[in-house]
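Trainee: Show me how the following folds:
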Amino acid sequence: MSSLKEFQKITLTAEQQGFIDKAKTGANILVDACIGSGKTTTILEIIAQMISRGKRVMLAASTNAAVDNILERLEDLPSKIKKQILAVRIGNDNAISESVEQYKVSKIVDEEIKNEIV
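Mentor: Below you'll find the predicted structure:
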């Protein structure tokens, strides 16, 4: 199974591994911790493991920046996992980071329409 942990050779704390193990059971989880605690790494690992199991993942955050941060870091995932992800960012278009513009709903819908016309 492909995961960020295997790909980047990262070391997870017991608490991070606990979140990942809980997510693998199908439970909804809330990852809340201070800056620099490894939330993003934990979330990316959960995404990688769930996608590699054929599961769907919905990520919600209290700020646009938090969602954008995860979307930016999707590039860190193994290519085998990235190929299976259709990420869609729903939220305030005026508060989106330029680096994740390609994930906007309007952008994805426009691309699908163009593909249908061609």
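
Trainee: Which pLDDT value belongs to Phe7?
Mentor: Predicted confidence (pLDDT) for Phe7: 51.

Trainee: Touching, Ile46 and Asp21? I think so.
Mentor: No - the criterion here is Cβ atoms under 8 Å, and Ile46 misses it with Asp21 at 9.9 Å. Every C-beta, even on glycine, is put in place using the N, C-alpha and C of the backbone.

Trainee: For the host helix or strand of Glu72, name the packing helices and strands.
Mentor: Here Glu72, judged by DSSP states H and E, is contained in helix 64-73. For helix 64-73, the packing partners by 3 or more Cβ pairs under 8 Å, 6 or more residues apart in numbering; DSSP states H and E come out as helix 39-52.

Trainee: which helices and strands does the helix it packs on pack with?
Mentor: Helix 39-52 packs on helix 4-8, helix 14-24, helix 64-73, helix 79-82, going by 3+ Cβ pairs under 8 Å, 6+ apart.

Trainee: Nearest to Ser99, out of these?
Mentor: helix 64-73 (5.3 Å; Cβ to Cβ).

Trainee: Between Ile46 and Asp21, which has more neighbouring residues?
Mentor: Ile46 (24 against 12; other Cβ atoms under 10 Å).

Trainee: what about the closest residue in space to the more buried one that isn't next to it in sequence, neighbour count?
Mentor: Closest residue to Ile46 apart from its sequence neighbours, by Cβ to Cβ, 6 or more residues apart in numbering: Ala23 at 4.5 Å. Ala23: 21 surrounding residues under other Cβ under 10 Å.
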